[in-house]
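# Predicted model, plus sequence, below.
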Amino acid sequence: MMTSSIPEPVLDLLHRLRDKGIAAFVVGGAVRDMCLDRCPEDVDILADAAVDTLKSLFADQHVRVVGNMFPVCLVNDIEVAPCRTPSGRFPEDDLAMRDFTVNAMAYDPLDHRLIDPFNGRSDLENRIIRFTGDPAARIMEDPVRMIRGCRFSALLSARLSESAGKAVQAHARSLVGKIPGERIRNELIKAMALPAPSVFFHCLHDTGLLAGILPSLDWCYGLDGGPFHGETVFEHCLLVGDALPARQPLLRLAGYLHDAGKVDAQGIKDNRITFHGHETRVDALAADLDRLRFSVQEKDYILALVLCHMRPLAEKTRPKSIRRLLAMLAQHRLSFEDFMRMRIADKKANLAKSPYTLADIRLRVEKVRREMARQTAFHPDDLAISGKDIMALRHLGPGPEVGRIKQHLFEKVLDDPDLNDRETLRQMVQDMD
């Protein structure tokens, strides 16, 4: 056990609790991480005392009580939870209420004592995710535990135990729709920090959960990737997501979802499967994101990446096309960097083709930078003439005609950036029929 990884402030709280005759342990993920010789990110304490007692004991510290169903104290931002079964055995009865055996361990760093009533350490060593006690009971208490089980399976390179897998499969269809969308969204975002979230998505599919969480992605399972791919659509999506950075969870999630539209776009031409315009078939994906309570901004960002990911950027792409690409990105409020990250991952995940080389990437980035350096207009609002100018020149009031003229000028400037001059644009407006 990496007891040296427990922060001094946590040890100070444990000493104060012991001095008052209150038994207390480090619990949960911190114990799991220490058993794996990992430094825990968060260290939580479980104390054999009521909330009011804890508030009184730490009155000289910064104390907050949070949580409705299970109130806990945050002492200097360290979680100190009261025992939920004060009349029972401590801490065993409290550990019995936790989700998985690997999370149902307690450790006393002062006496170097591990409490492991459900053999969680053995399950860690054997890479097994097992529910604490009766799997069905744990799932009925909180159905989101089914999704957490898949996430921990990916996090710990473990497999669901036979009993856990059967229980999740038995309850997935009936219960996943009852989980609040925002809780599922939070699990998805947490999963994006995993080394390989594809393992998480495979587990969701195998247990039947994915069909109720992201049906637009689940429908891609087994779908032929077509003559230009060496993998199925589902496999391709997972490879793309894994190739994107964990520090950008929404970008990574968009990678896993970027080809979901191929299900609706699939067709046959010359006896070969095609997916023409699949990047525009986003209705099913948009419905999934709405149901999971992604914010409007998050949804717009993900859908924008999907809509733009097929925009060409090749060695022979002409400056005019690059300007139109940048205009499209500006319209959808996407950075070129995120677009390029998606393109690189998309190419890498095509097993029938070679990924971009560093020289390929540098060439494309340099071509784009040259156009960006020209300081041309990539959005109608970047024009050297305003809507008020157009109204004055054409004797118009506010309305769609002003927008139509502005868009016409913008198209001309995209073709020839030198036209983005105030006097030139004024003359163009005056010369319009």
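Okay, I see it.
# Now do the residue most central in space within the chain against K299, distance only.
By CA atoms, centre = their mean, the chain has its centre lying nearest to I189, at 3.3 Å. Distance, I189 to K299, by CB to CB, to the nearest Å: 13 Å. Quick note: C-beta positions are derived from backbone N, CA and C, even for glycine.
# do P227 as well
Distance from P227 to K299, by CB to CB: 32 Å.
# The two: which has the busier surroundings?
For P227 and K299, the more surrounded residue by other CB atoms under 10 Å is K299, and the numbers stand at 19 against 12.
# Surely that one is in a helix?
Yes: assessed by DSSP: H, G, I helix; E, B strand; the rest coil, K299 belongs to a helix.
# surely it meets A287?
No: judged on CB atoms under 8 Å, K299 makes no contact with A287 at a distance of 10.4 Å.
# Can you report phi and psi for L214?
With angles defined as degrees, to the nearest 10, L214 shows backbone torsions of phi -130, psi 70.
# Now for the residue nearest to the centre of the chain: which residues touch it?
P249, L253 (CB atoms under 8 Å, 6 or more residues apart in numbering).
# That one in helix, strand or coil?
Secondary structure, three-state DSSP: I189 is helix.
# tell me the pLDDT at it?
pLDDT, I189: 98.
# which residue packs closest to I344, ignoring adjacent ones?
Distances taken as CB to CB, 6 or more residues apart in numbering place Y356 nearest to I344, at 5.6 Å, with adjacent residues excluded.
# State the three-state secondary structure for that neighbour.
Quick answer, by three-state DSSP: Y356 is coil.
# just so I have it, where are all the helices in the stretch 1-150 of the chain?
With DSSP state H, counting those that start in this stretch as the criterion, the stretch 1-150 of the chain has helices at 8-19, 29-35, 51-57, 92-95, 120-125, 135-141, 145-155.
# Select, out of those helices, the one closest to N271.
Evaluated over the helices of the stretch 1-150 of the chain, closeness to N271 peaks at helix 145-155, with 38.3 Å, by CB to CB.
# what's that closest one in contact with?
By CB under 8 Å, 6+ apart, helix 145-155 touches 99-100, 102-103, 129, 131, 138-139, 158-160, 164, 168, 171-172, 175-176, 179, 184, 187, 190-191, 194, 196-197, 199-200, 203-204, 207, 209, 213.
# Quick check on the residues you listed: which are buried?
Buried members of these, scored by 16 or more other CB atoms under 10 Å, are 99-100, 102-103, 129, 131, 138-139, 158, 160, 164, 168, 171-172, 175-176, 179, 184, 187, 190-191, 194, 197, 199-200, 203-204, 207, 209, 213.
# For the closest residue to K178 other than its chain neighbours, report the pLDDT, please.
Leaving aside its sequence neighbours, K178 sits nearest to P143 (CB to CB, 6+ apart; 6.3 Å). Looking at P143, its pLDDT is 97.
# ditto for the one 3 residues further on
As summarised for this prediction, M146 has a pLDDT of 98.
# gap between it and P249?
With CB to CB as the criterion, M146 and P249 are 21 Å apart.
# Mind checking which of the two has more residues around it?
The residue with more neighbours, out of M146 and P249, is M146; 30 against 18, by other CB under 10 Å.
# Quick check: chain neighbours aside, which residue is closest to that one?
Nearest non-adjacent residue to M146, counting by CB to CB, 6+ apart: V168, 4.7 Å away.
# my read: that neighbour touches L160, true?
Yes: using CB under 8 Å, V168 is in contact with L160, at 6.8 Å.
# any common contacting residues for those two?
Counting by CB under 8 Å, 6+ apart, the contacts common to V168 and L160 are G149, C150, T207.
# Could you list which residues are in contact with H332?
Per CB under 8 Å, 6+ apart, neighbours of H332: D300, A304, L307, C308.
# Let's see which of those residues end up in helices.
D300, A304, L307, C308 (DSSP state H).
# What is the nearest of the residues you listed to F339?
C308 (5.9 Å).
# Okay, now the unreliable bits of the chain?
Applying pLDDT under 70 to the chain flags the ranges 1-4, 86-87.
# what residues go with each domain of it?
Under the assignment automatic domain parsing, the domains of the chain span 1-126, 127-213, 221-373, 380-431.
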